[in-house]
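> Could you look at this predicted model? Sequence included:
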Amino acid sequence: SVAGVARAIFPELGLSAKSNAGVFDGAWRASGETVEKCSPIDGKPLARVRHATGEDYERVAAAAQRAGLAWREVPAPKRGEVVRQLGNALRERKAALGRLVSLEAGKIIAEGEGEVQEMIDICDFAVGLSRQLHGLTIASERPGHRMMEQWHPLGVVGIISAFNFPVAVWSWNSAVAAVAGNATLWKPSEKTPLTAIACVKIAEKVCRANGVDPAIFGLVIGDGATVGERLAADRRVALVSATGSTRMGKRVGEVVAQRLGRTLLELGGNNAIIVAPSADLELAVRGILFGAVGTAGQRCTSTRRLIVHESVKDKLVARLVAAYGQLSIGNPLQRRTLVGPLIDEAAVAGMMNALAEAKRSGGTILCGGERRRGLYVSPCLVEARNEWPVVQAETFAPILYVMSYRTLEEAIAWQNAVPQGLSSAIFTRDLREAETFLSARGSDCGIANVNIGTSGAEIGGAFGGEKETGGGRESGSDAWKAYMRRQTATVNYSDALPLAQGITFGA
Ligand code: NAD
């Protein structure tokens, strides 16, 4: 049962079954309202969390800034050692934290644990990175001069995160920001406060064991309007890394731009899979199923559109309808469950409204789309057209719009003709089609896959998307550069002062 699992894991994760302070500035104290967090699994209360007030925010931001000043002086590989220990602490608590993700966000156990594994992986990545934060040496045009590029910490990095990856998004940002020498200030989704408290408690322990001020991992739980806007407007926060809806990102982008601060935006997606005539349909069905139904359609990379060639459409749709009919929907704590609940009542209403609109537009429901008890729904296939407004928008629920194409050009044009640009995929065994899809005239997304679905990225690559997805990149590759400031430094070791471009000035 939900209550039984909560009772079993709370002590290990440092959580109280009664009330928890949702603010960490080196100490746990909060003075805002107390909010009850219920599990989407059964609708019953998990625990209470005290939110941050504006004054609480001020205290955490000041503490993070202070802690960051000391942290930036710690050599990067030593910072990496602290993050290595954070990764190990997460390894030890993988089962418990994975279950808490299930309890709080409704993800199935395998995905809850997968999210914690992602945290461990990014810690490992960041440890290696801590010895590779290197700049360049650049040939100077002036004799006796050396020119180089260095990377320095930014100071405080703000992290605004969404409910659907309640722990992984924090780690992508905080592990990389930490080895880069920054303090972080985390405003998690108010829908997933307990996982946030658990993560920061783990980080606090590791900091204390290493004599590091734990205020480098600051936490403020509160709503977007009270705490999120304050963070976005705060000049002390050099970079605001925000993950969530495009609506939120536009607002945060505007507020941060007012002060010419930096943003890293990871916003909504509207991801498509193209299935070509030569596709391995067995593989395609599995990729589509995981992409469209996994996490109950609540991933930024969830597959929302299926663009299938007319010659294989009937066969593919028949297989999908059969597979959708076999899905086990229910308690995500049970290993055999594949589809857990949606996050809240508003999400269920959002799905039902989208389906009603699709029907009004002329769409045909091919299967699913029923509301069951509580927050459970059956994933849905809908025959639709790409240009319909409901298809152009991201509905955060397991709806897959199906459309058939004649030419690859048409399929790629549809795939790109949405406001978002996060993830995309093609299933084909034709090399020309695959390479065209990956070429400059192919997918316009930040992620483009061949014979793999749209979701389930590895941490080693840079993650993010174009257009209304926000343009940010985090996690692997050289995404660390967003968390540091670049400095071009020139040293003159001669006894003359030659000017660049050969300019002579005075005598
Ligand atoms: P949301 O936009 O409702 O909330 C995200 C966060 O923004 C929350 O912490 C919220 O409190 C905060 N927020 C809201 N208004 C704010 C404001 N005015 N100023 C500052 N902060 C504010 O999103 P959600 O429902 O939690 O998550 C689902 C959305 O997130 C989907 O659109 C999904 O695609 C997106 N998402 C994107 C990625 C990505 O990497 N691209 C990853 C996960 C989720």
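Received it, and whenever you're ready, just let me know what you need.

> Do me a favour and get the backbone dihedrals for the residue nearest to L375 when sequence neighbours are not counted.
Leaving aside its sequence neighbours, L375 sits nearest to P341 (C-beta to C-beta, 6 or more residues apart in numbering; 3.8 Å). C-beta here means a position set from N, CA and C on the backbone, and glycine is covered the same way. Main-chain dihedrals, P341, degrees, to the nearest 10: phi -80, psi 160.

> Report the contact partners of the spatially most central residue of the chain.
By C-alpha atoms, centre = their mean, the chain has its centre lying nearest to V169, at 4.5 Å. By C-beta atoms under 8 Å, 6 or more residues apart in numbering, the contact list for V169 reads I159, S161, A162, T243, E266.

> hang on, isn't the third one packed against T243?
Think A162. Yes: here A162 reaches T243: they are 5.0 Å apart, a contact under C-beta atoms under 8 Å.

> Those two: which is more packed in?
Between A162 and T243, T243 has the larger neighbour count (other C-beta atoms under 10 Å), namely 27 against 24.

> one step back: list the residues that contact both of A162 and T243?
With C-beta under 8 Å, 6+ apart as the test, A162 and T243 both reach V169, C300.

> next helix or strand past the helix ranked longest in the chain?
Secondary structure of the chain per DSSP state H: the longest helix is helix 109-129. Using DSSP states H and E, the next helix or strand after helix 109-129 towards the C-terminus is strand 137-138.

> So what touches that next one?
Counting by C-beta under 8 Å, 6+ apart, R146, M147, M148, E149, T488 sit against strand 137-138.

> swap in stretch 493-507?
Residues from elsewhere that reach stretch 493-507 (C-beta under 8 Å, 6+ apart): E141, R142, P143, G144, H145, R146.

> is it possible to export these to a markdown table including distance to the ligand and secondary structure?
Converted to a markdown table, these look like this (distance: C-beta to the nearest ligand atom, whole Å; DSSP: H, G, I helix; E, B strand; the rest coil):
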| residue | distance to the ligand | secondary structure |
| --- | --- | --- |
| E141 | 42 | coil |
| R142 | 44 | coil |
| P143 | 48 | coil |
| G144 | 48 | coil |
| H145 | 42 | strand |
| R146 | 40 | strand |
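
> out of the residues you listed, who's nearest R371?
Closest approach to R371 among the contacts of stretch 493-507 (C-beta to C-beta): R146, at 67.3 Å.

> Would you mind confirming that the closest one is in contact with L136?
No: at 11.6 Å, R146 and L136 do not qualify as touching, with contact defined as C-beta under 8 Å.

> Looking at those two, which is more packed in?
When neighbours are counted by other C-beta under 10 Å, R146 and L136 differ, and R146 comes out ahead with 14 against 9.

> mind listing what V23 touches?
With C-beta under 8 Å, 6+ apart, V23 has these contacts: R29, A30, R50, A52, D56, R59, V60, L219, V220, I221.

> Relative to G32, how far out is the fourth one?
Computed as C-beta to C-beta, to the nearest Å, the A52 to G32 distance reads 5 Å.

> what sits in contact with each of the two?
With C-beta under 8 Å, 6+ apart, A52 and G32 have common neighbours G22, G222, T226.

> Tell me the one of those nearest the ligand?
The ligand has its nearest neighbour among the shared contacts of A52 and G32 in G222, at 7.9 Å by C-beta to the nearest ligand atom.

> Pull the contacting residues for the closest one.
The contact partners of G222, taken as C-beta under 8 Å, 6+ apart, are G22, G32, H51, A52, T53, D56, Y57, K187, E190, G228.

> now swap in G442 and tell me
Contacts for G442 (C-beta under 8 Å, 6+ apart) come out as I412, T436, A448.

> Considering these, which possesses the most neighbours?
I412 (24 neighbours).

> List, one by one, the residues from the stretch 351-500 of the chain near the ligand.
By the rule C-beta under 6 Å from any ligand atom, the part of the stretch 351-500 of the chain lying against the ligand is E394, F396, L422, T469.

> With secondary structure added, can I get the residues you listed in CSV?
Listed next are those as CSV, based on DSSP: H, G, I helix; E, B strand; the rest coil:
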residue, secondary structure
E394, coil
F396, coil
L422, coil
T469, coil
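
> taking those as a set, which two sit the farthest apart in space?
F396 and T469 (14.1 Å).

> what about V101, which helix or strand?
Judged by DSSP H and E, V101 forms part of helix 94-105.

> Buried residues, that helix. List them.
Neighbour-count burial for helix 94-105 flags K94, A96, L97, G98, R99, L100, V101, S102, L103, E104, A105 (criterion: 16 or more other C-beta atoms under 10 Å).

> Kindly indicate which of those lies nearest the ligand.
Distance to the ligand, by C-beta to the nearest ligand atom, is smallest for A105 among these, at 9.9 Å.

> wait, isn't that closest one in contact with P341?
No: if you go by C-beta under 8 Å, A105 and P341 don't touch, sitting 9.5 Å apart.

> what sits in contact with each of these two?
Shared between the contact lists of A105 and P341 (criterion: C-beta under 8 Å, 6+ apart) are residues P40.

> Please name the residues that touch L408.
Residues near L408 by C-beta under 8 Å, 6+ apart: I274, A276, E433, T436, F437.

> Dump those into CSV; add distance to I120 and pLDDT as well.
Output for the contacts of L408, formatted as CSV (distance: C-beta to C-beta, whole Å; pLDDT from 0 to 100):
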residue, distance to I120, pLDDT
I274, 33, 99
A276, 36, 98
E433, 37, 98
T436, 37, 98
F437, 32, 98
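
> Low-confidence bits of the stretch 401-507 of the chain, can you list those?
Judged against pLDDT under 70, the low-scoring parts of the stretch 401-507 of the chain cover residues 507.

> That one: helices as residue ranges?
408-416, 431-438 (DSSP state H, counting those that start in this stretch).

> Pull the distance from stretch 458-476 to the chain's centre.
9 Å (C-alpha atoms, centre = their mean, to the nearest Å).

> Could you export it as PDB, CA atoms only?
Coordinates of each C-alpha in stretch 458-476 appear next as PDB, following Å, rounded to 0.1, in the frame of the first residue of the first chain:
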ATOM      1  CA  GLU A 458      21.200   9.100 -22.300                       C
ATOM      2  CA  ILE A 459      22.900  11.700 -20.000                       C
ATOM      3  CA  GLY A 460      26.100  11.700 -22.200                       C
ATOM      4  CA  GLY A 461      24.500  13.800 -24.900                       C
ATOM      5  CA  ALA A 462      23.400  17.500 -24.600                       C
ATOM      6  CA  PHE A 463      19.700  17.500 -23.900                       C
ATOM      7  CA  GLY A 464      17.200  20.100 -25.100                       C
ATOM      8  CA  GLY A 465      15.300  21.500 -28.000                       C
ATOM      9  CA  GLU A 466      14.700  24.300 -30.400                       C
ATOM     10  CA  LYS A 467      11.900  26.800 -31.000                       C
ATOM     11  CA  GLU A 468       9.400  27.000 -28.200                       C
ATOM     12  CA  THR A 469      11.200  24.200 -26.300                       C
ATOM     13  CA  GLY A 470      13.500  27.000 -25.300                       C
ATOM     14  CA  GLY A 471      16.900  26.400 -26.900                       C
ATOM     15  CA  GLY A 472      18.700  25.300 -23.700                       C
ATOM     16  CA  ARG A 473      21.000  22.300 -23.500                       C
ATOM     17  CA  GLU A 474      21.900  20.500 -20.300                       C
ATOM     18  CA  SER A 475      23.400  17.300 -19.100                       C
ATOM     19  CA  GLY A 476      26.200  15.900 -21.300                       C
END
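
> how about it: buried residues?
459, 462-476.

> give me the element the residue nearest to G456 when sequence neighbours are not counted is part of.
Sequence neighbours aside, F290 is the residue nearest to G456 in space, at 6.8 Å (criterion: C-beta to C-beta, 6+ apart). Taking DSSP H and E as the criterion, F290 maps to helix 281-293.

> helices or strands up against that helix?
Under the contact criterion of 3 or more C-beta pairs under 8 Å, 6 or more residues apart in numbering; DSSP states H and E, helix 281-293 touches strand 271-275, strand 303-309, helix 313-325, strand 423-427.
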